[in-house]
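K.L.:
Sequence and predicted structure are below.
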Amino acid sequence: MRRVVLESAVVLLLVLVLGTVSNLLPSRHLPWWGRGQEPPRAGQDFQLLDVDSAYALWESLPGTVFIDTRTAQEYDAGHVPQALRLELPSLDDMLDSTVRERLASAPAVVIYGSSEETDIEQLLAQALRQRIPEMPLPYVLMGGFPHWEAADFTVEQGS
């Protein structure tokens, strides 16, 4: 019994030491240490939007930018017409001056993905707000592209 307690204490100490060391590495600030980024917040980093309201924006507000977070294959199979495809892991590489200007001057920005879950889209909205502060507060489409398709709204194929 004593040996099990001793081994458990060693494992716990090892986990704490490794966690602390990994948190000190550049760009590895883990949220559970209180040094990571704040989670995205509705109203501050993004607003949620239903599919009918997104379509109304697309139809009535020229210049509204839709951002697709799905894979290149999913995007090519069908997307909101003229949507930009941006990936969160490659965001800095994808944000050239043309994209930055388009987002900064857009009257509205709508971000959508491939499912009901909007975690990636919320994180992307937060990252875009940090990199392009003059961009309007983006909307995150609830239900993603599947809801857009299910509503039988206009879809474009190819790149």
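P.N.:
Arrived safely.
K.L.:
most residues in a single helix of this protein, which one?
P.N.:
helix 2-24 (DSSP state H).
K.L.:
pLDDT averaged over it - what is it?
P.N.:
Helix 2-24 shows a mean pLDDT of 76.
K.L.:
so how far is it off the chain centroid?
P.N.:
Using CA atoms, centre = their mean, to the nearest Å, the mean C-alpha position of helix 2-24 is found 34 Å from that of the whole chain.
K.L.:
CA atoms only: put it into CSV for me.
P.N.:
What follows is helix 2-24, C-alpha atoms only, in CSV (Å, rounded to 0.1, in the frame of the first residue of the first chain):
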residue,chain,number,x,y,z
ARG,A,2,2.8,2.4,0.9
ARG,A,3,4.5,1.7,-2.4
VAL,A,4,1.3,2.6,-4.3
VAL,A,5,1.0,5.9,-2.4
LEU,A,6,4.6,6.7,-3.1
GLU,A,7,4.4,5.9,-6.8
SER,A,8,1.2,8.0,-7.1
ALA,A,9,2.9,11.0,-5.4
VAL,A,10,5.9,10.7,-7.8
VAL,A,11,3.5,10.6,-10.8
LEU,A,12,1.6,13.6,-9.6
LEU,A,13,4.8,15.5,-9.0
LEU,A,14,6.1,14.6,-12.4
VAL,A,15,2.9,15.8,-14.1
LEU,A,16,3.0,19.1,-12.2
VAL,A,17,6.7,19.7,-13.1
LEU,A,18,6.1,18.8,-16.8
GLY,A,19,3.0,21.0,-16.9
THR,A,20,4.9,23.9,-15.5
VAL,A,21,7.8,23.5,-17.9
SER,A,22,5.5,23.2,-20.9
ASN,A,23,3.6,26.3,-19.8
LEU,A,24,6.9,28.3,-19.8
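K.L.:
tell me which strands and helices that helix is in contact with?
P.N.:
Helices and strands touching helix 2-24, by 3 or more CB pairs under 8 Å, 6 or more residues apart in numbering; DSSP states H and E: there are none. Quick note: C-beta positions are derived from backbone N, CA and C, even for glycine.
K.L.:
For the helix or strand following that helix, which strands pair with it and how are they oriented?
P.N.:
Sequence-wise, the next helix or strand downstream of helix 2-24 (DSSP states H and E) is strand 47-49. Partners of strand 47-49 in the sheet, by DSSP bridges, are strand 139-141 (parallel).
K.L.:
in the next helix or strand after the partner strand, what's buried?
P.N.:
Scanning forward in sequence from strand 139-141 by DSSP H and E, the next helix or strand is helix 144-150. Neighbour-count burial for helix 144-150, counted by 16 or more other CB atoms under 10 Å, picks out 144-145, 147-148.
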